[in-house]
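>>> I'd like to go over a predicted model; first the sequence, then the structure.
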Amino acid sequence: MSDHSNQPNESPDPEKTGTPVPATGAAMGNLDTHSARYAERTAGMTASEIRALFAVASRPEVVSLAGGMPNLAALPLESLSEEVARLVTEQGQTALQYGSAHGVPELREQICEIMALEGISAHPDDVMVTVGSQMALDLVTRIFTDPGDVVLAEGPSYVGAMGAFSTYQADVVHVAMDEHGLHPDALRGAIEEVHGQGRTIKFLYTIPNFHNPAGVTLSEERRPEILEICARHGILVLEDNPYGLLGFEGRTYSSLRSLDPDNVVYLGSFSKTFASGLRVGWVLAPHAVREKLVLAAESATLCPPTLNQMIVSRYLSTHDWLGQIKSFREQYRERRDAMLSALEQHMPAGCDWTRPEGGFFVWFTAPEGVDTKAMLPRAVTQRVAYASGTGFYRDGLGTRQMRLSFCYPTPERIHEGVRRLANTLNEELDLLRTFGSRGGRELSGPQTPSPDTA
Ligand SMILES: Cc1ncc(COP(=O)(O)O)c(C=O)c1O
């Protein structure tokens, strides 16, 4: 059993300390009774940090820089709906039927063409379609980790991945990044430390391109080095790449999978480049691993939704999807620019932030002494929301950090949101100067993402 006590954001579970109540009819209706029956692994399942504030943060007057929702306004909805109607009329018997756990063959071929854009040469047999890449994260963790195993992950890292790791009682050890992404020396250091404790590292989880939440990209130079370190220590690499085609200058990087096909499991998704609501992603894995993944997927869902896969497939064959991705890139670049210029204009001295070349997120560091989690309710009162930094770590770091997303609000709203945030921060700094520390209640803790925090 893994020890969750080092997880800073976990709220104590009173039911775990109580005596289980017998399953009488009356007690069955009691929430505490159910909690007493939960499996140990559910201790790692806790709600997202900003869920409590989400009802307020989603009010129209609040500018939310917290969420990771793609902006779908640019999608060609009319022609898409015609294609969907045609699909159901012409192929409804197949589209509305169960399919294979492996995924629709035509879509798997198209996925191979998409991955070729980032240098991957793959056979459709080695691709398995999943219900978003979130499901792939769950399955990979399920088949590789035992309770107490270590997963290495960048610090900070994607909340949803860490939620999957906790669910299977794996412990996350973070590896530091800088502006060029994951640091090879930090990786060596982390491996040495974990192995020194006699613990097993099952895989390195990494988001090399346009990182969520850090907004940085792993440099081309570091990629072979990271792979070489992992291969030498027998550590599998789990490459999560939902943003790879969203480089603002159209630049793509060599995927880790293309550099070491035998030791990398690759995750892709249509959520950021097409439609997140269809929940279609994929995993590309070495052949033997793919077999195991298919078995695990069968037990989870029997098969991914056939209709949704066929919609994606038809969209790819009837629309200029590359042109659509270009238009997404342009839209997100404009929003990134709006955020960076607003930050330059409004933020007080002592702040720092990343300057992403793609993706959805800026990672912001407030001056010494600021606790972004404690400041969040005050920011919401000022009608701006963000995702505070501690939720993106499992080791207590991130107090001064926050993730600011520029994917969803318009450039004007982004500007206004950053202005409000700067006001909040200035007030916070005034308080700190006056009292040395701020009053205020801590929110209780993260980790499972809701769509707004993904
Ligand atoms: C890094 C990363 N991985 C995976 C996901 C999950 O994406 P999907 O919608 O494909 O499940 C997200 C969503 O925000 C993400 O940012």
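Here it is on my side, so go on. In this text the structure is predicted, and so the values were computed from the model without any measurement. Residues are numbered from 1 along each chain as shown.

>>> those residues of the stretch 251-400 of the chain touching the ligand, which are they?
Within the stretch 251-400 of the chain, the positions adjacent to the ligand are Ser269, Ser271, Ser276, Gly281 by Cβ under 6 Å from any ligand atom. Quick note: C-beta positions are derived from backbone N, CA and C, even for glycine.

>>> for the last one, give the beta-bridge partners.
This points to Gly281. Thr130, Ser269 (DSSP bridges).

>>> verify the stated contact: it with Ser133.
Yes - under the criterion of Cβ atoms under 8 Å, Gly281 is in contact with Ser133, at a separation of 3.7 Å.

>>> overlap of the contact sets of these two?
Common contacts of Gly281 and Ser133 (Cβ atoms under 8 Å, 6 or more residues apart in numbering): Pro242, Leu267, Gly268, Ser269, Ser271.

>>> what about the last one, how many neighbours?
The number of residues packed around Ser271, counting by other Cβ atoms under 10 Å, is 23.

>>> and the fourth one, by the same measure?
By the other Cβ under 10 Å criterion, the neighbourhood of Ser269 contains 22 residues.

>>> for the protein, what spans make up the strands?
Counting by DSSP state E, one finds strands in the chain at the ranges 63-64, 127-130, 150-155, 171-178, 181-182, 201-206, 236-240, 264-269, 281-284, 352-353, 361-365, 384-385, 387-388, 401-405.

>>> next one: the last one, is it in contact with the ligand?
Pointing back at strand 401-405 there. No - no part of strand 401-405 sits close enough to the ligand to count as contact by Cβ under 6 Å from any ligand atom; the gap is at least 9.8 Å.

>>> tell me the angle of that strand relative to strand 361-365?
150 degrees (axes from the mean of the first three to the mean of the last three Cα atoms, to 10 degrees).

>>> so what strands line up beside strand 401-405?
Strand pairing for strand 401-405, determined by DSSP bridges: strand 361-365 (antiparallel), strand 387-388 (antiparallel).

>>> from what I see, Gly247 and Gly358 are in contact.
Yes - applying Cβ under 8 Å as the test, Gly247 and Gly358 come out as touching, 3.9 Å apart.

>>> what do these two both touch?
In contact with both Gly247 and Gly358: Asn209, Phe210, Arg329, using Cβ under 8 Å, 6+ apart.

>>> what's the burial count for the second one?
In this case it means Phe210. Phe210, neighbours per other Cβ under 10 Å, totals 26.

>>> and it, how far is that from Arg400?
Relative to Arg400, Phe210 is positioned 22 Å away (Cβ to Cβ, to the nearest Å).

>>> on that earlier part again, tell me which two of the residues of the stretch 251-400 of the chain next to the ligand sit farthest apart.
Based on Cβ to Cβ, the longest span within those runs between Ser276 and Gly281 and measures 9.8 Å.

>>> for the residue in the chain that the ligand sits nearest to, what are its contacts?
Per Cβ to the nearest ligand atom, Gly132 is where the chain lies closest to the ligand, at 2.5 Å. The contact partners of Gly132, by Cβ under 8 Å, 6+ apart, come to Ser269, Ser271, Ser276, Arg279, Val280, Gly281.

>>> surely Glu83 is in contact with Thr318?
Yes - contact status for Glu83 versus Thr318: in contact at 5.5 Å, counting by Cβ under 8 Å.

>>> more neighbours: those two, which one.
Glu83 (18 against 14).

>>> residue contacts, the more buried one?
With contacts defined as Cβ under 8 Å, 6+ apart, Glu83 is in contact with Ile311, Arg314, Tyr315, Thr318, His319.

>>> these in helices, which ones?
Ile311, Arg314, Tyr315, Thr318 (DSSP state H).

>>> quick one, which of these are buried?
The neighbour-count criterion (16 or more other Cβ atoms under 10 Å) marks Ile311, Arg314, Tyr315 among the ones in helices among the contacts of Glu83 as buried.

>>> reformat the residues you listed as TSV; add pLDDT.
Shown next, in TSV, are those (pLDDT from 0 to 100):
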residue	pLDDT
Ile311	98
Arg314	97
Tyr315	97
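
>>> in this protein, which residue is most central in space?
The C-alpha lying nearest the average C-alpha coordinate of the chain belongs to Tyr158 (Cα atoms, centre = their mean; 3.8 Å).

>>> can you tell me the closest non-neighbouring residue to that one?
Asn212 (5.1 Å; Cβ to Cβ, 6 or more residues apart in numbering).

>>> next one: Glu298
Per Cβ to Cβ, 6+ apart, closest to Glu298 is Ala101, 4.4 Å.

>>> next: Ser317.
Gln110 (7.4 Å).

>>> am I right that that neighbour is in contact with Ser313?
Yes - if you go by Cβ under 8 Å, Gln110 and Ser313 touch, sitting 6.0 Å apart.

>>> who in the stretch 1-150 of the chain is up against the ligand?
Gly68, Gly132, Ser133, Gln134.

>>> filter the residues you listed down to just the ones in helices.
Under the assignment DSSP H, those contribute Gly132, Ser133, Gln134 to helices.

>>> okay, and the beta partners of the closest residue to His174 other than its chain neighbours?
Leaving aside its chain neighbours, His174 sits nearest to Gly155 (2.9 Å; criterion: Cβ to Cβ, 6+ apart). Note on Gly155: beta-bridge partners by DSSP bridges are Ala176.
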